[in-house]
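Engineer: Need coordinates for the following:
(one chain, ligands or ions: 1)
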Amino acid sequence: MALVLERKELICSKNFIDGQWLAASSGERFAVTDPATGERITEVADSGPDDARAATDAAARALPAWRDLLPKERAAILHRWNALMLAHQDDLGALISLEQGKPLAEGRGEVAYGASYVAWFADEATRIYGDIIPQQQRGKRMTAVKEPIGIVAAITPWNFPLAMIARKIAPALAAGCTVVAKPAEDTPLTALALALLAHEAGVPAGVLNVITASREKAVPAVGNWLEDARVRKITFTGSTPVGKYLARESANTLKKLSLELGGNAPFIVFDDADLDAAVAGLLAAKFRNGGQTCVCPNRVYVQSGVYAKFAELLSQRVGQLKVAPASDPSAQIGPMINSRALDKIARHVDDATSHGARILAGGKRLPELGPNYFAPTVISDATADMLLCSEETFGPVVPLFRFEDEAEAVKAANDTPFGLASYFYSQDVKRIDRVSRALEAGIVGVNEGALASEAAPFGGVKESGYGREGSKYGLDDYLSIKYVCQGGLD
Ligand code: ADP
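Structural biologist: Reported below is the predicted structural model:
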């Protein structure tokens, strides 16, 4: 099955600024390629600071009217956008798979997942309450009102080309902010298609602006937003070093930041776990998007009493995973995003084996399938001195670490600067309570591998960042609180 879009014009190749499709002011473009084959899909605008500024100008012009709409008017527009995303689920799913490589079922699933944030925040738009503060002095009324923070710059990664940008744009627009966005250079097409649908849904010109840039050009383009005092917030999902860079570089204008950064998720299997459930949970959590998500378990700690059994059950299942391009409907694992990603995975596996680890399944590249494929891999006898313990592998590799007791497992799990997702399997209620409290992470999965939901707060602690996406808390990142004190009422 070829990845063909029914509605061809969803493949856009220009920036979307002020409701118009514009080439980069320099006229430059860069190629977007299919990671399954390395073939060029199309070219998009390679934007610079002038294009970034034009996007901010448009967002500034659009802000007063958008902010002043009734919340239910903004909600109606967001609901139409959600409906259009779902109406184009097959095409958007194919586009995601085409530029990102994930299996088609996952591409379509991502459309539903991303759209669910749009529907959620459409409803939340009408529930932005403030407070009337209990009276402190006669003749004075004190209120706290929530206001949109202003222009938001959204910078997103390639692993969920639709969901990552939708779950930033939706709360921003719901809150009454306007947006300038730059998707990842590997996967700019889905974001542009979303802009087209937002326009068709009735999002007014200038409220949502999307520019694309190669990695080199992204630095000065985004740099323009970092320096521009009109941009009041940066919302970023990506690597920790880039998150720190954005925090540093935006300090001059003291922007509010939401940073969803890297993880190094532990997954703990205790002796008292339901092993079949733990294997199923690990497969679901680890192999989504070929292991390329920031909540993928990176370190799997298994208690010694069940280590051998768990390793055997897991290796059998991992050996059966079907690796194929997204165009094959039976594909479960697609190509990695690019050769850099593949090199990192291979480096981690080689480093582990050179430190005494054993490969129970996979462990190698699959060049016969295409340039960017790596076999789903299980590694036993992993230890803390291996690269795959301290760095996020971001690929289909499961390293199994052995532990003896609960305290040792919790200590090892927390022994990382990161704190995004964590998982553990146990059937002991007291242990479940203890370990949930002890894990230093923004998200804890207990006997569950699939955690993402638009109704839940997603985000990290420590160097995994701050801010939350989704849930009733997700809007706070796009709002500021104004205290109004009215006197002379006595
Ligand atoms: P990844 O390793 O997943 O590519 P990055 O943090 O490098 O994650 O990139 C995430 C997003 O941040 C992408 O949209 C990328 O273009 C952008 N980006 C990376 N470096 C910079 C930078 N120095 N300035 C602005 N944007 C950047």
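
Engineer: Name the spans of this protein whose pLDDT lies under the cut-off.
Structural biologist: 1-2 (pLDDT under 70).

Engineer: how close does whatever residue of it ends up closest to the ligand sit to residue 164?
Structural biologist: Proximity of the chain to the ligand (C-beta to the nearest ligand atom) peaks at residue 238, 2.8 Å away. To be clear about C-beta, it is placed using only N, CA and C from the backbone, and glycine gets the same treatment. Distance, residue 238 to residue 164, using C-beta to C-beta, to the nearest Å: 9 Å.

Engineer: Does residue 444 fall in a helix, a strand, or a coil region?
Structural biologist: strand (DSSP: H, G, I helix; E, B strand; the rest coil).

Engineer: so it makes contact with residue 438?
Structural biologist: No. Residue 444 lies out of contact with residue 438 (C-beta atoms under 8 Å); the separation is 9.8 Å.

Engineer: Tell me who's in contact with the residue lying closest to the residue of the chain closest to the ligand once chain neighbours are set aside.
Structural biologist: Excluding the flanking residues, the one nearest residue 238 by C-beta to C-beta, 6 or more residues apart in numbering is residue 157, at 4.7 Å. The neighbourhood of residue 157, defined by C-beta atoms under 8 Å, 6 or more residues apart in numbering, consists of 164, 184, 237-238.

Engineer: give me that answer again for 6 Å
Structural biologist: Applying C-beta atoms under 6 Å, 6 or more residues apart in numbering to residue 157 gives the contacts 184, 237-238.

Engineer: That one - that's part of a helix, no?
Structural biologist: No. Counting by three-state DSSP, residue 157 is not part of a helix but coil.

Engineer: Return the distance of it relative to residue 102.
Structural biologist: For residue 157 relative to residue 102 (C-beta to C-beta), the value is 13 Å.

Engineer: Now do stretch 195-204: everything it contacts.
Structural biologist: Under C-beta under 6 Å, 6+ apart, the answer for stretch 195-204 is 12, 16, 77, 80-81, 84, 208, 210.

Engineer: Most widely separated two among those residues?
Structural biologist: Checked with C-beta to C-beta, the contacts of stretch 195-204 reach their widest spread between 12 and 77, with 20.1 Å between them.

Engineer: Just the ones of the contacts of stretch 195-204 in helices?
Structural biologist: 77, 80-81, 84 (DSSP state H).

Engineer: Please identify the one among these that lies nearest to residue 424.
Structural biologist: residue 81 (37.7 Å).

Engineer: ok, that closest one - contacts?
Structural biologist: Contacts for residue 81 were tallied using C-beta under 6 Å, 6+ apart; they are 118, 198, 201.

Engineer: Keep only those of those residues that are in helices.
Structural biologist: 118, 198, 201.

Engineer: circling back: more neighbours: which of residue 238 and residue 164?
Structural biologist: When neighbours are counted by other C-beta atoms under 10 Å, residue 238 and residue 164 differ, and residue 164 comes out ahead with 29 against 22.

Engineer: Now do the same contact list for that one.
Structural biologist: Residue 164 makes contacts with 156, 237, as judged by C-beta under 6 Å, 6+ apart.

Engineer: And the host helix or strand of it, how far out from the chain middle?
Structural biologist: For residue 164, the host element (DSSP states H and E) is helix 163-175. Put simply, helix 163-175 sits 12 Å off its chain's centre (C-alpha atoms, centre = their mean, to the nearest Å).

Engineer: What's the first helix or strand after that helix?
Structural biologist: Heading C-terminal from helix 163-175, the first helix or strand you meet, by DSSP H and E, is strand 178-182.

Engineer: Adjacent strands (with direction) for that following strand?
Structural biologist: Sheet pairing for strand 178-182, assigned by DSSP bridges, gives strand 151-155 (parallel), strand 208-210 (parallel).

Engineer: Is there contact, residue-wise, from stretch 340-353 to the ligand?
Structural biologist: No. Figure legend: stretch 340-353 not in contact with the ligand (C-beta under 6 Å from any ligand atom); closest approach 8.5 Å.

Engineer: mind giving me the domain ranges of the protein?
Structural biologist: Residue ranges for the domains of the chain, per automatic domain parsing: 8-261+464-483, 265-453.

Engineer: so who does the closest residue to residue 403 other than its chain neighbours touch?
Structural biologist: Once flanking residues are discounted, residue 403 sits nearest to residue 409: 4.6 Å by C-beta to C-beta, 6+ apart. Taking C-beta under 6 Å, 6+ apart, we find residue 409 in contact with 268, 301, 403.

Engineer: Can you add secondary structure and neighbour count and give these back as CSV?
Structural biologist: Converted to CSV, the contacts of residue 409 look like this (DSSP: H, G, I helix; E, B strand; the rest coil; neighbours: other C-beta atoms under 10 Å):
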residue, secondary structure, neighbour count
268, strand, 26
301, strand, 23
403, strand, 20
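
Engineer: still on that earlier bit, quick check, nearest of the contacts of stretch 195-204 to residue 142?
Structural biologist: Nearest member of these to residue 142, counting by C-beta to C-beta, is residue 77, at 33.3 Å.

Engineer: Angles on the backbone of the closest residue to that closest one other than its chain neighbours, please.
Structural biologist: Closest residue in space to residue 77, ignoring its immediate chain neighbours: residue 202 at 4.8 Å, by C-beta to C-beta, 6+ apart. With angles defined as degrees, to the nearest 10, residue 202 sits at phi 100, psi 10.

Engineer: I'd like the distance between residue 202 and residue 306.
Structural biologist: Counting by C-beta to C-beta - residue 202 and residue 306 are separated by 55 Å.

Engineer: ok, now residue 263?
Structural biologist: From residue 263 across to residue 306, the span is 25 Å (C-beta to C-beta).

Engineer: Enumerate the residues of this protein near the ligand.
Structural biologist: Residues of the chain lying near the ligand (C-beta under 6 Å from any ligand atom): 155-157, 182, 184-185, 215, 218-219, 222, 238-239, 242, 245.

Engineer: which among those residues end up buried?
Structural biologist: With neighbours counted by 16 or more other C-beta atoms under 10 Å, the residues of the chain next to the ligand contain buried members at 155-157, 182, 184-185, 218, 222, 238, 242, 245.

Engineer: How are the strands of the stretch 351-490 of the chain distributed by residue range?
Structural biologist: With DSSP state E, counting those that start in this stretch applied, the stretch 351-490 of the chain shows strands at 358-361, 377-380, 397-403, 418-419, 421-425, 443-446, 461-462, 465-466, 479-486, listed in chain order.

Engineer: deepest of the ones you listed, which one?
Structural biologist: Each of the strands of the stretch 351-490 of the chain was scored by mean neighbour count; the highest is strand 421-425, a mean of 28, by mean count of other C-beta atoms under 10 Å.

Engineer: Just the CA atoms of it, as PDB, please.
Structural biologist: What follows is strand 421-425, C-alpha atoms only, in PDB (Å, rounded to 0.1, in the frame of the first residue of the first chain):
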ATOM      1  CA  ALA A 421       7.900   9.100  33.000                       C
ATOM      2  CA  SER A 422       8.400   6.000  35.200                       C
ATOM      3  CA  TYR A 423       6.700   2.700  35.400                       C
ATOM      4  CA  PHE A 424       6.500  -0.200  37.800                       C
ATOM      5  CA  TYR A 425       4.700  -3.500  38.100                       C
END
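
Engineer: which residues of the chain fall in helices?
Structural biologist: 49-68, 71-87, 89-100, 104-124, 163-175, 189-201, 215-227, 240-249, 275-287, 304-319, 339-354, 387-390, 406-414, 429-438.

Engineer: and residue 455, which of these is closest to it?
Structural biologist: Closest among the helices of the chain, using C-beta to C-beta: helix 104-124, at 6.7 Å.
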